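S.K.: need a structure here:
(chains A and B, ligands or ions: 1)
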Amino acid sequence: MLELDGVTAGYDPRHPVVRGAHLTLRPGEAVGLLGPSGCGKSTLAKVAALLHRPDRGSLTLDGTPVTGYRHRAPRALRTAVGVVFQQPRLAADPRLRLHDLVAEPLRATGRRAEVAAAVPELAERVGLGADLLARRPHEVSDGQLQRACLARALVLEPRWLVCDEMTAMLDASTTAALVGVVEDYRARTGAGLLAVGHDPVLLARWCDRVAHWSEITDA
Amino acid sequence: MNTVPAADTGTAPSCPAVPAGDVLRVERLSVRFRMRGRPPVAAVSDATFRLAAGECLVLVGESGCGKSVLASALLGLLPGNAETAGSAFLADGLDLLAADERTLARTVRGRRVGLVPQSPAAHLTPVRTVRSHLEETVRALGGAAVGTGGRRERAARVRAAAERAARRAAFPPGHLDRYPHELSGGLAGRAATALALVGDAPLLLADEPTTGLDRQLAEAVVDELRACTRDTGRALLMITHDLAAAERIADTVAVMYAGRIVETTAAGEFFGAGGPRHPYARGLLDALPERAFTPVPGVPPELGALPPGCAFAARCPKADALCAGQRPEFTEGTACHHA
Ligand code: SF4
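M.R.: As a prediction, the model looks like this:
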């Protein structure tokens, strides 16, 4: 289970962008979170991905209450959640070749030995050719870079995946392709999904259920 | 392989004259990027289309297909390693591809072609109000909007011109003295449109104006763009990956794939029962979550390594030997051997 309980969060404690959010995902469940631009849903997604400490409330991952966020999060919890953001250019280190971008979580967790086998296999699944893996972010399109970011999110085989507007910058075909990659991964591993977005048609088609921002938060 | 634009087809004009009503006429526009240590990138090849007064043409395609490069070419904003071929005539006979930077900067950008930027919020300077942005643009464009006379008279005219542009973009006058961070996404979009309208250009170019906006806001932004162009006879060229936005406002849809326009169709037909004719365009529509939600299989080719035949052949269900060997010409609205 992924449980967000009474989460209040933001960047200025006097003006939190998320107030009292409650959302529970059952193991393996795909939940879409729908909200308008600027409502704070991305901040909640960051909390769920252990990247933003809430001011109040709690996150519990598969029974373990989360007490540390970002680099303070215990490795076992951090690696349990994969995350993909809206803008791949802001999420990817511009100096890294796509191959190293995808391999980075393996290296950071002392699993270097798996890089040689895991990266090409994942690249193939997300539709990145070997020649693209040798490029740096500025040498590929947004769609290609987002494919690499999705591969990076999957490389540690997380039990949970948080996709924050993953396809907002992408065309219809690339969107359908990346959603297909996520769904194949979930079918194979039983991972759960929190897909945050603003397109009701997409989320309804993609997820088991869709929660509206207004239903899960105060105010 | 023929990468040099071929001779004009019978319909191409032999002189700069543009038929009455055409605000922009693009003929066989090509853009190549020279690359160090790699083959050149054919970012745009032989793009041909025209845009009439009051018409909205929406250019759709995936990221990296060349649509933004095409927009940059029309504004003379390509990087130094770019080479262009073909022509892009405005109604008054100016060829945007042949014009020098001085002409483009002084008489084209903002005056004859207004640009609605990709992310309006990022485009506005945070420390200045919307009014100050608009007035600065009025002053920079100069001319009749500023006029002559004393400082007070000129300032009053600048102020009036800025307010006119705001009104045309449906930007509320009461918000003119706000700073960008005090605006909602929708109002930031309108502010950007107002800036593009200051010069009263007959052609507006909007590059991904709905990126990152939720559906409701995206609809509001494109509706307003449409309203402030159609009713005044301005032409609108919108570049987007957002098919829902395209369906909402386009008169004509052009689909770009691997640097080429592969289909140009009236919007009603494109989104209606008939649907597009080119297999890629059909696949793109089928990928929508309200339709089959199945992606076009495979990935597009590298623009630096295009195959000799149809660039879509490796992904196309109808591909045959002809497709693999011969690049389909763009005729009667589509570039496909079997459409
Ligand atoms: S020319 Fe051939 S490969 Fe290309 S789109 Fe048409 S049928 Fe498909």
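
S.K.: rest of the way, CA atoms for contacts and neighbours
M.R.: OK.

S.K.: got any ranges where the chain has weak pLDDT?
M.R.: Since you didn't name a chain, this refers to chain A. A:219 (pLDDT under 70).

S.K.: actually chain B
M.R.: B:1-21, B:119-122, B:144-145.

S.K.: for the ligand, what are the nearby residues on it?
M.R.: B:278-279, B:310, B:312-313, B:316, B:318-319, B:323, B:328, B:336-338 (C-alpha under 6 Å from any ligand atom).

S.K.: Among the residues you listed, name the buried ones.
M.R.: For those, a neighbour count by 16 or more other C-alpha atoms under 10 Å in any protein chain shown gives the buried set as B:278-279, B:310, B:312-313, B:316, B:319, B:323, B:328, B:336-337.

S.K.: Going along the chain, name the strands of the stretch 151-300 of chain B.
M.R.: B:203-207, B:235-240, B:252-257, B:260-266 (DSSP state E, counting those that start in this stretch).

S.K.: Could you tell me which strands sit next to the third one in the sheet, and their orientation?
M.R.: Spelled out, it's strand B:252-257. strand B:56-60 (parallel), strand B:260-266 (antiparallel) (DSSP bridges).

S.K.: residues in contact with residue 163?
M.R.: Because you didn't say which chain, this covers chain A. A:45, A:83-85, A:193-196 (C-alpha atoms under 8 Å, 6 or more residues apart in numbering or on different chains).

S.K.: meant chain B actually
M.R.: Residues near B:Glu163 by C-alpha under 8 Å, 6+ apart: B:131, B:173.

S.K.: And the contacts of stretch B:184-197?
M.R.: A:37, B:110, B:114-117, B:120-121, B:123-124, B:130, B:133-134, B:137, B:165-171, B:180, B:204, B:209, B:213, B:217, B:220-221, B:224-225.

S.K.: which among these end up buried?
M.R.: Buried among those by 16+ other C-alpha under 10 Å: A:37, B:110, B:114-117, B:120-121, B:124, B:130, B:133-134, B:137, B:165-166, B:168-171, B:180, B:204, B:209, B:213, B:217, B:220-221, B:224-225.

S.K.: Going by proximity to the ligand, name the top residue of the stretch 51-200 of chain B.
M.R.: Across the stretch 51-200 of chain B, the shortest distance to the ligand (C-alpha to the nearest ligand atom) belongs to B:Gly61, at 14.6 Å.

S.K.: List the residues that contact the residue lying closest to that residue once chain neighbours are set aside.
M.R.: Computed as C-alpha to C-alpha, 6 or more residues apart in numbering or on different chains, the closest residue to B:Gly61 that is not its neighbour in sequence is B:Met256, at 5.1 Å. Listed by C-alpha under 8 Å, 6+ apart, the contact set of B:Met256 reads B:59-61, B:65-67, B:262-263.

S.K.: In TSV: the residues you listed, plus neighbour count.
M.R.: Formatted as TSV, the contacts of B:Met256 follow (neighbours: other C-alpha atoms under 10 Å in any protein chain shown):
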residue	neighbour count
B:Leu59	28
B:Val60	25
B:Gly61	29
B:Cys65	24
B:Gly66	23
B:Lys67	28
B:Val262	25
B:Glu263	25
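
S.K.: In JSON lines, list those along with distance to A:Thr8.
M.R.: What follows is those, written out as JSON lines (distance: C-alpha to C-alpha, whole Å):
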{"residue": "B:Leu59", "distance to A:Thr8": "42"}
{"residue": "B:Val60", "distance to A:Thr8": "40"}
{"residue": "B:Gly61", "distance to A:Thr8": "40"}
{"residue": "B:Cys65", "distance to A:Thr8": "42"}
{"residue": "B:Gly66", "distance to A:Thr8": "43"}
{"residue": "B:Lys67", "distance to A:Thr8": "42"}
{"residue": "B:Val262", "distance to A:Thr8": "50"}
{"residue": "B:Glu263", "distance to A:Thr8": "49"}
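
S.K.: biggest separation within these, which pair?
M.R.: Spatial extent of the contacts of B:Met256 (C-alpha to C-alpha) is set by the pair B:Gly66 and B:Glu263 at 14.5 Å.

S.K.: Filter the buried ones among the residues of chain B next to the ligand down to the ones in helices?
M.R.: Judged by DSSP state H, helices contain the following of those: B:279, B:323.
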